[in-house]
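Student: fold the following for me, if possible:
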Amino acid sequence: SMLCRDRDTGRYRMHELVRQLAQGRLQASGQTKPTIRDHADYFLAIFEEAEEQVGDEQGQVVFERLFKDEIDNCRAAMQRSLSASRAEVALRLVLIFRREGDLLWREEAYWLEQALQAGGEQLPAAARAEAQLQMARLNLQNHVGSRNRERWGKVAADALALYKELGDERGTADALHTLGFAYFGKNFAMASDYYRQAIAIYEGLGEEPFSSWLQLAWAHQFEGHINDARQIFRQLMARAEECADEMRVVMFRSLLAELDFYEGRLGEAKRELLAILSFRSSEGRPISAFIRFLAQGTLLNVALAEGDLQQAEALVYERLAYVKEWDAIGTVIFFFHQIALWLHLLAREREAAFWIGCFDAERDGADQPIEKLERPRYEQLKAELQDTLGAEQYQAAYEEGYNTPVDEALERGLAMVTYQSIFTS
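Tutor: Sure thing, here's the model as predicted:
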C-alpha cells in the first residue's frame, strides 16, 4: 500500500518515498504555490471556526483534539506562509494557538518573532500589537537578561503605543502590566507605577486586576516592605474567598506563610505549608504545580533554617525536577541560592561556591537585585565560604558556576540529589 495507518490515532500518512514523489510531481505541475496557499487557508479556517466554539466544554475538547492532531500541519503551513510572503496567515494561526493552544513558550515566541519580522507594518495593527505584547511577555518571563529585558521592554512599549492608537483599553492595561514586569527589579518605583496604572484601567473596565495587584505586592516584598505586601495578599485572599476560588486562597496562604518565615515564625510557616502541600479542593483536586513550587520554596527555606537536611534534599530535587519539566528557567534564580545554602549545611563548600556563581550569573543576566530580606543570608554565606575555602579556591569554584549555562547547571543539580518525593502528589 502507498499509505500507512497510525495505530494510535487511526490517521493515514504517506510513505516517505511516496511523499517525495508527490512533491516532485506537484512542482512539475506548476501548482506548488496555490497548493501551499490552499493548505494554509484550510487549516486557518478550521482553527478559526474551532476557536469560536471554545466557550463551552465540548468546544474546548474539540479544539484540543484538533490541535493535537493537526499541529504538524499547522507548523508546515506557518513556515510555508512565511516563505511565501503571507506573514498574516502565519501570525493569525500562532495567535489562535497563543489563546487556546498548548505550544511551549520557546516555540510560540519563535513563530511570533518570525511573523512580525516577515510582515512588519503591513500586518493589521491589532494583530501586531497582540503579537508584540505576547512576545515581550514570554521573553521577560522566561528568557531573562539585562539587555534582553531592555529589548523586550521596548517591544512592550511599542505594543502600548499601538493599543492607545487603537483605543483598546484592555490591551493598554495589558501592556502597562507587562512594562511593570520589564522594570521589576531594575526600578521598583517605575514598575509599581505601571502596575497602578494597569490596575486603574482594569478596574474601570470592571475586571479584577489580580496579576497586577500580585506583582505590586511582590514589588513591596522585594523592597522589604512586609506589611504593605501582607496587606495586598490579605485583600486578594479575601476576594478569592468571596468568589469561592479555593486554589487562589491556597496560593495566598502560601505567600503569607513566606512572610511569616521572613519574620521568624518558622513553626507557623511550616505547619501552614505542610497543610497546603496536602490540600485537596472540595472536588478532590490537588494544588497546581505552580502553587506547589511556591510552597516548596518557602518550606525549603524553613528546612534550611532548622537544619533538616533530609527534607531539604527532597525539596531541592522536586524543585529542580519542576524547572526541568515545565521549562521554567525564569523561576530558578533565587532557587540557586537555596541550593548553595543546602550544600553549605552539608559542608560541601566547593559545590556551594559553584552554585553561588550560578546564582550571581543568573541575577546579573536578569539585572535582578537580591531581595532585601534575603541579602543578609547571601552575604553571610559568601563570607563563610571564602573563609573556609580561601580566596583562590572559592574564586575558582565561583567562576566555574558563573560560566556554566543554566541548562547544564540544572542537569548537574538533578544528578547531585537522589531523594524521592516525601509529599503526596
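Student: hey, let's count contacts and neighbours off CA atoms from now on
Tutor: Will do.
Student: can you tell me what sits against stretch 90-100?
Tutor: For stretch 90-100, the surrounding residues in contact (Cα atoms under 8 Å, 6 or more residues apart in numbering) are 44, 47-48, 51, 63, 74, 77-79, 81-82, 103, 108, 111-112, 115-116, 127, 130-131.
Student: which of these fall in helices?
Tutor: Among these, the members found in helices (DSSP state H) are 44, 47-48, 51, 63, 74, 77-79, 81-82, 108, 111-112, 115-116, 127, 130-131.
Student: quick one, which of those are buried?
Tutor: Buried members of the ones in helices among the contacts of stretch 90-100, counted by 16 or more other Cα atoms under 10 Å: 44, 47, 51, 63, 74, 77-79, 81-82, 108, 111-112, 115-116, 130-131.
Student: tell me which element A269 is part of?
Tutor: helix 266-277 (DSSP states H and E).
Student: where in the stretch 51-200 of the chain is pLDDT low?
Tutor: Residue ranges of the stretch 51-200 of the chain with pLDDT under 70: 143-147.
Student: and the helices in it?
Tutor: Residue ranges of the helices in the stretch 51-200 of the chain, as given by DSSP state H, counting those that start in this stretch, are 57-83, 87-100, 105-119, 125-142, 146-166, 169-183, 188-204.
Student: out of the ones you listed, flag the one nearest L389.
Tutor: Closest to L389 of those is helix 146-166 (Cα to Cα; 30.9 Å).
Student: pull the number of nearby residues for A366.
Tutor: 21 (other Cα atoms under 10 Å).
Student: surely it is in contact with N142?
Tutor: No: the criterion here is Cα atoms under 8 Å, and A366 misses it with N142 at 10.2 Å.
Student: okay, the one helix or strand C358 maps to in PDB with CA atoms only?
Tutor: Using DSSP H and E, C358 maps to helix 349-366. The C-alpha coordinates for helix 349-366 follow below in PDB (Å, rounded to 0.1, in the frame of the first residue of the first chain):
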ATOM      1  CA  GLU A 349      31.800  24.100  50.300                       C
ATOM      2  CA  ARG A 350      33.200  24.000  46.800                       C
ATOM      3  CA  GLU A 351      29.900  22.900  45.400                       C
ATOM      4  CA  ALA A 352      28.200  25.700  47.300                       C
ATOM      5  CA  ALA A 353      30.500  28.200  45.800                       C
ATOM      6  CA  PHE A 354      29.800  26.800  42.400                       C
ATOM      7  CA  TRP A 355      26.000  27.400  42.900                       C
ATOM      8  CA  ILE A 356      26.600  30.900  44.300                       C
ATOM      9  CA  GLY A 357      28.300  31.600  41.000                       C
ATOM     10  CA  CYS A 358      25.300  30.200  39.100                       C
ATOM     11  CA  PHE A 359      23.100  32.400  41.200                       C
ATOM     12  CA  ASP A 360      25.000  35.600  40.600                       C
ATOM     13  CA  ALA A 361      25.300  34.800  36.800                       C
ATOM     14  CA  GLU A 362      21.500  34.500  36.500                       C
ATOM     15  CA  ARG A 363      20.900  37.600  38.600                       C
ATOM     16  CA  ASP A 364      23.400  39.600  36.500                       C
ATOM     17  CA  GLY A 365      21.800  38.300  33.300                       C
ATOM     18  CA  ALA A 366      18.400  39.300  34.600                       C
END
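Student: show me what the following helix or strand past that helix is packed against.
Tutor: Sequence order places helix 375-389 as the next helix or strand after helix 349-366, per DSSP H and E. Applying 3 or more Cα pairs under 8 Å, 6 or more residues apart in numbering; DSSP states H and E, one finds that helix 375-389 contacts helix 333-345, helix 349-366.
Student: got a list of contacts for helix 375-389?
Tutor: Contacts to helix 375-389, defined as Cα under 8 Å, 6+ apart, come from residues H337, L341, H344, E349, R350, A352, A353, I356, Y394.
Student: low-confidence ranges, the stretch 201-350 of the chain, go.
Tutor: Where the stretch 201-350 of the chain drops into low confidence, which here means pLDDT under 70, it does so at 326-332.
Student: make it 50
Tutor: For the stretch 201-350 of the chain, no stretch is flagged by pLDDT under 50.
Student: wait, H344 touches I356, no?
Tutor: No: if you go by Cα under 8 Å, H344 and I356 don't touch, sitting 10.6 Å apart.
Student: what about R151, how many residues nearby?
Tutor: 16.
Student: and Y394, by the same measure?
Tutor: 22.
Student: what's the closest non-adjacent residue to it?
Tutor: Spatially, and ignoring its direct neighbours in sequence, Y394 is nearest to Q386 (5.7 Å; Cα to Cα, 6 or more residues apart in numbering).
Student: A129 versus that neighbour, what's the distance?
Tutor: Distance, Q386 to A129, by Cα to Cα, to the nearest Å: 50 Å.
Student: compare neighbour counts for the two and give me the winner.
Tutor: Using other Cα under 10 Å, the more surrounded residue of Q386 and A129 is A129, with 26 against 17.
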